[in-house]
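A.B. asks: predicted structure and sequence below. I'll ask about it afterward.
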Protein chains: 2
Amino acid sequence: MSTDIDIRTRLLGTAEQLFDRHGFTATGMDRLTSGAGISSRTLYKHIGSKTRLVAAVLNERDRRFMRSLQVDSVDALFDALEGWFATEGARGCLFLRTWGETGGDVAEVTEAMARHKQRLLSRIGEIVAAEIGRHDDELAEQILILFEGATHATTYRGETAISAARRAAGLLIAGARA
Amino acid sequence: MSTDIDIRTRLLGTAEQLFDRHGFTATGMDRLTSGAGISSRTLYKHIGSKTRLVAAVLNERDRRFMRSLQVDSVDALFDALEGWFATEGARGCLFLRTWGETGGDVAEVTEAMARHKQRLLSRIGEIVAAEIGRHDDELAEQILILFEGATHATTYRGETAISAARRAAGLLIAGARA
DNA sequence: AAATATGTAAAATGATCGTTTTACATGCGC
DNA sequence: GCGCATGTAAAACGATCATTTTACATATTT
């Protein structure tokens, strides 16, 4: 049924935008239904609950975000982040924000956040290994922190945050290569 | 009136804890009143509205947080952050979380967040200047990003995030000194 | 002793929350 | 053409939201 896919896709897209722009708790089901152009009955048939919806949104966002991070250098990693912010806006990390809003006591949100961050760290680990020719967990964690810091600092510092993070990462990589 | 100060202090303390642990939107006024042990009438006489309350909480937290950051080396800066997390818990930055929850359209929250981040950056600028003997805006921004990154990555990586941030900061400082 | 300030307890306000239900329309497979 | 799946519109659910109000108690001030 092609309508299923259409409805679900439209719903997840609408929900991702609303949750990102106004927060999870502050976004009511009526705004989600009218935003997606569906009735509340249809919403609940498709997704079950608000918790299931936000979990689906986060897992879909993880896929999309990770796809945008298929790069092979730390420089390109921060380029990719800059590109993401240019098209999606910079409001911090939706995973951490949603996890914070739910106080950490919604299992599906906690798990989606943990999975996403685990994937992000191992992706960074691969990129670091490709750059310096060996695995370096400490360096990977440092780049992760620059990435996380740029993600959040960009909300109030703008593009300069990413530039600074990229240059700092370059220095750390250069130091590890020598 | 000593009761005024007591009530306001107790209310702000309770509110800070509840907002931090469960989020701003998800925390209802009844939990705030029963947590602070006051009636809703007294709460509104003292603080006016939920918006005014969260603004007061953020401004008070800024004072307390900045007081804990009175250090004179980058190493001690990350020690201070580690100490803060040890006693207060690590759930990311309350200013950014609250700003995100309110979608950026509550002026008092946006302003409190902006003021706090401005103060944080200039404090880091001073510490960097004390370390290398001159002002270096680029280096200060890089340390800010490590600080921001450690703040958020600690929520899912634990103490290792702060250690990695501290070592990365040390390398950048050493590089700037040479 | 009267007046003022400051508190509590509890009900009422009207709106909105997430979710379910009732009633009805439409299109597709058998 | 009957039945089933899938949709809409709209009402109802009971709970909870932030805020105000009503009624009353208790100190301190004058």
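C.D. replies: Yep, that arrived. Numbers count the residues shown, from 1 in each chain, chains lettered A, B, ... in the order given.
A.B. asks: which parts of stretch A:102-113 are buried?
C.D. replies: By 16 or more other Cβ atoms under 10 Å in any protein chain shown, the buried positions in stretch A:102-113 come out as A:102-103, A:106, A:108-110, A:112-113. Just so you know, the C-beta spots here come from the backbone N, C-alpha and C atoms, and that holds for glycine as well.
A.B. asks: now the closest residue to DNA strand C within chain A. Its backbone dihedrals?
C.D. replies: Using Cβ to the nearest atom of the strand, the closest approach of chain A to DNA strand C is made by A:G28 at 2.7 Å. Dihedral angles of A:G28 (phi, psi; degrees, to the nearest 10) stand at phi -80, psi 160.
A.B. asks: what distance do you get for it to A:S40?
C.D. replies: Noted for A:G28: a distance of 11 Å to A:S40, by Cβ to Cβ, to the nearest Å.
A.B. asks: and what of A:C93?
C.D. replies: 29 Å.
A.B. asks: likewise for A:E141?
C.D. replies: As judged by Cβ to Cβ, A:E141 and A:S40 stand 44 Å apart.
A.B. asks: just A:G23 next, same as before
C.D. replies: Taken as Cβ to Cβ, the span from A:G23 to A:S40 is 20 Å.
A.B. asks: is chain B contacted by the helix or strand of chain A with the lowest mean pLDDT?
C.D. replies: Lowest on mean pLDDT, DSSP states H and E among the helices and strands of chain A sits helix A:2-22, with a mean of 88. Yes - Helix A:2-22 lies within reach of chain B by Cβ under 8 Å from any Cβ of the partner chain, at A:21-22.
A.B. asks: give me the residues contacting that helix.
C.D. replies: Residues from elsewhere that reach helix A:2-22 (Cβ atoms under 8 Å, 6 or more residues apart in numbering or on different chains): A:27, A:31-32, A:35-38, A:42-43, A:46-47, A:53-54, A:56-57, A:60-61, A:88-89, A:91, A:94, A:98, B:103.
A.B. asks: just the buried residues of it, please?
C.D. replies: Buried, per 16+ other Cβ under 10 Å, within helix A:2-22: A:7-8, A:11-12, A:14-16, A:18-20, A:22.
A.B. asks: just give me the neighbour total for A:T42.
C.D. replies: A:T42 sits with 15 neighbouring residues when counted by other Cβ atoms under 10 Å in any protein chain shown.
A.B. asks: and stretch A:14-24, C-alpha only, in PDB?
C.D. replies: C-alpha atoms of stretch A:14-24 as PDB (Å, rounded to 0.1, in the frame of the first residue of the first chain):
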ATOM      1  CA  THR A  14       6.400  16.700  10.000                       C
ATOM      2  CA  ALA A  15       7.100  15.400  13.500                       C
ATOM      3  CA  GLU A  16      10.900  15.700  13.100                       C
ATOM      4  CA  GLN A  17      10.500  19.400  12.100                       C
ATOM      5  CA  LEU A  18       8.000  20.200  14.900                       C
ATOM      6  CA  PHE A  19      10.000  18.400  17.600                       C
ATOM      7  CA  ASP A  20      13.200  20.100  16.500                       C
ATOM      8  CA  ARG A  21      11.700  23.500  16.300                       C
ATOM      9  CA  HIS A  22       9.400  23.600  19.300                       C
ATOM     10  CA  GLY A  23      10.500  20.600  21.500                       C
ATOM     11  CA  PHE A  24       9.000  17.200  22.100                       C
END
